[in-house]
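J.: coords please:
(chains A and B)
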Amino acid sequence: MLMELPDDIEQDDSGMESLTASKDDTPERRPEDMFITPVVGSSPSSGTPPILALKEFDDEPDETLSERLWGLTEMFPECVRSGTYTVTTKTWGGVKGLYQLSRTVVWIIASSSVILFAPVIFEVERAQVEEMQKSQQKQVLLGTNTAMSGPTPGLPPMPR
Amino acid sequence: MGAIASRYRVSNSGLTSTDLQNIENANKRENPGTLDELHKKTKDVMPVNFEGGKLMVNKGISNHFQMSHTLTMSSMQNGYKLGATYIGTKQLSPTEAFPVVLGDVDPAGNVNFNLIHQLTPEIRVKGAAQVQECKLSATQGTLEYKGSDYTLALAVGKPDCSDKSSVFVGHYLQAVTQRLALGAELVYQSSARISGGEIAIASAAARYTMDDSEISATVGAASFHLCYFKQASEQLQVVAEMDTSFRGMESVGTIGYQVTIPKAELVFRGMVDSNWNIGAVLEKKLQPLPFSFALSGMANQAKQQFKFGCGLIIG
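T.: All right, here's what the predicted structure looks like:
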């Protein structure tokens, strides 16, 4: 049944749309969107028939959290966005490069000091330890000599 | 009171003969050595790296004769060598005796031969020959004359007997002052391989000696070699060397050091150079037996190549 619509509100609506539209229509969606989806790579005037693909509005999931957060960035101007992106990527790249550099430098220093300095240091330490051992042995020998001859003459005289 | 009577006569007429002799000796220039040994002090400090295993057994058969067996096990060259050394009866000093004849033989038949003889106190003669694959491959003869403050040397050689090539080398080194020695070298080579058939290269050499350091340089048309040697302390010697080639337009700088520890009977030599090369050689005498142990390691940090070697000398 056709309703009497007030003239000043919807004069353009003839009411005939309800004959062709389906119940899934919402005010935002137009019936043309249901059938024709523009395909990337083909122009409408090329003559090839457009690929008919149903835009599945029903099964479209809600935007994920990251997509929503990404959408928030649109409030910043372009230069802020690109500046932040550059700074972040360059910092991350710099940190990785610094780690690589420190790996190489530490490897070169370690292998060079093993070849150039380690043997001398080992040998000097060994010589020092040997000398200490020898001097300790000498001390022990001299010590036992004095120990043997020490207490015997030092016996306290017997009380009379 | 007058003059003080002195019992001792003071000579005021100047210098006595002993004083004159002392002054002369202080300014006297000694023989500067040969031009070959100009960079000797620096070369002695630099390590000589080797790769693989090496075993050398020396056995003295008598005062004058010595035999040696050498086994070299490495990827570059491996094999066995029998060596003989004969030291003659002409004794110049407690350490040197002449003539000295050295030879070594391979099981494949390659022979190296060296002869050094001191004809008079000033003239020394050297000869060397090499036989490879049953053919004489290289010969060389050198004559050295050591004057009071100069050295003159002439060498004739045939580095390759298969083609008609010969090399003449003349050296002259003069001690200009007590500390400075200047010299020149002339090399003449005639060979079919060289464009034009023959080539002559002249170069100059200089050496300046200070109290505990030494600078020596060799300048030629194609190369420039500069060495600096310093005795940093009793146990440490440091050298720096720079080798520039004008033909290849490249220059290599090297720093080397030698640490001598008499307590541990250890001699350690190390070097670093500008081509990212590192090398070190450790030599240790294992007492009480007459063993000498050597370890060598070298690395190229840019190409990440490492080569190690060890050797043992018995006797």
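J.: Which strand residues bridge B:Tyr283?
T.: Tyr isn't right for residue B:283; it's Glu. On the basis of DSSP bridges, B:Glu283 is bridged to B:Val267, B:Ala294.
J.: Quick check: pLDDT value at it.
T.: According to the prediction, B:Glu283 has pLDDT 93.
J.: Run a quick neighbour tally on it.
T.: Using other Cβ atoms under 10 Å in any protein chain shown, B:Glu283 has 17 neighbouring residues. Bear in mind the C-beta positions are built from the backbone N, C-alpha and C, glycine included.
J.: A:Leu141 now?
T.: 9.
J.: quick one: it is in a strand?
T.: No. Using DSSP: H, G, I helix; E, B strand; the rest coil, the assignment for A:Leu141 is helix, not a strand.
J.: got a list of what it touches?
T.: Residues counted as contacts of A:Leu141 (Cβ atoms under 8 Å, 6 or more residues apart in numbering or on different chains): none.
J.: which residue does chain A bring closest to chain B?
T.: A:Ala127 (4.1 Å; Cβ to the nearest Cβ).
J.: Quick check on that residue: phi, psi?
T.: phi -60, psi -40 (degrees, to the nearest 10).
J.: Verify the contact between it and B:Ala264 for me.
T.: Yes. With contact defined as Cβ atoms under 8 Å, A:Ala127 reaches B:Ala264; the gap is 4.1 Å.
J.: between the two, who's got more neighbours?
T.: Legend: neighbour count by other Cβ under 10 Å for A:Ala127 and B:Ala264, higher for B:Ala264 (20 against 16).
J.: Correct me if wrong, but that one is in a helix.
T.: No. Using three-state DSSP, the assignment for B:Ala264 is coil, not a helix.
J.: Restrict stretch A:117-124 to CA atoms and write it as PDB.
T.: This file holds the C-alpha atoms of stretch A:117-124, laid out as PDB (Å, rounded to 0.1, in the frame of the first residue of the first chain):
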ATOM      1  CA  PHE A 117      98.800 -12.200  23.000                       C
ATOM      2  CA  ALA A 118      97.600 -15.400  24.600                       C
ATOM      3  CA  PRO A 119     100.700 -17.600  24.300                       C
ATOM      4  CA  VAL A 120     103.000 -15.000  25.900                       C
ATOM      5  CA  ILE A 121     100.600 -14.400  28.700                       C
ATOM      6  CA  PHE A 122     100.300 -18.100  29.400                       C
ATOM      7  CA  GLU A 123     104.000 -18.700  29.400                       C
ATOM      8  CA  VAL A 124     104.700 -15.700  31.600                       C
END
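J.: Tell me if it is near chain B.
T.: Yes. Using Cβ under 8 Å from any Cβ of the partner chain, stretch A:117-124 reaches chain B at A:117, A:119-120, A:123-124.
J.: Can you select the buried ones among those for me in ChimeraX?
T.: To isolate the buried members of these in ChimeraX, using 16 or more other Cβ atoms under 10 Å in any protein chain shown:
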select /A:119,120,123,124
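J.: Out of the residues of stretch A:117-124 next to chain B, which sit inside strands?
T.: Assigned to strands by DSSP state E, none of the residues of stretch A:117-124 next to chain B qualify.
J.: Of the residues of stretch A:117-124 next to chain B, which is the nearest to B:Leu136?
T.: A:Pro119 (43.1 Å; Cβ to Cβ).
J.: Give the burial count for the closest residue to that closest one other than its chain neighbours, as a bare number.
T.: Closest residue to A:Pro119 apart from its sequence neighbours, by Cβ to Cβ, 6 or more residues apart in numbering or on different chains: B:Leu282 at 4.7 Å. By other Cβ under 10 Å, 22 other residues sit near B:Leu282.
J.: if I read this right, B:Leu282 contacts B:Ala264, doesn't it?
T.: No. Between B:Leu282 and B:Ala264 there is no contact under Cβ under 8 Å: 10.7 Å.
J.: and for the two, which residues touch both?
T.: With Cβ under 8 Å, 6+ apart as the test, B:Leu282 and B:Ala264 both reach A:Glu123.
J.: Write out the residues of chain B neighbouring chain A.
T.: Contact residues, chain B versus chain A (Cβ under 8 Å from any Cβ): B:259, B:261, B:263-264, B:266, B:268, B:270, B:272, B:278-280, B:282, B:284, B:295, B:297-299, B:301, B:306.
J.: Report the buried members of the residues you listed.
T.: B:259, B:264, B:266, B:268, B:270, B:272, B:278-280, B:282, B:284, B:297-299, B:301.
J.: A:Thr89: which of those residues is nearest?
T.: Nearest to A:Thr89 among those, with distances taken as Cβ to Cβ, is B:Gln301, at 31.1 Å.
J.: Give me the pLDDT value at the closest one.
T.: At B:Gln301, pLDDT is 93.
J.: The host helix or strand of B:Val100: partners in the sheet, and parallel or antiparallel?
T.: According to DSSP states H and E, B:Val100 maps onto strand B:97-105. Strand B:97-105 pairs in its sheet with strand B:79-91 (antiparallel), strand B:111-118 (antiparallel), by DSSP bridges.
J.: Can you list the helices and strands that the helix or strand encompassing A:Thr89 packs against?
T.: Assigned by DSSP H and E, A:Thr89 belongs to helix A:78-116. Helix A:78-116 is packed against strand B:266-273, strand B:277-286, strand B:291-300, with contacts defined by 3 or more Cβ pairs under 8 Å, 6 or more residues apart in numbering or on different chains; DSSP states H and E.
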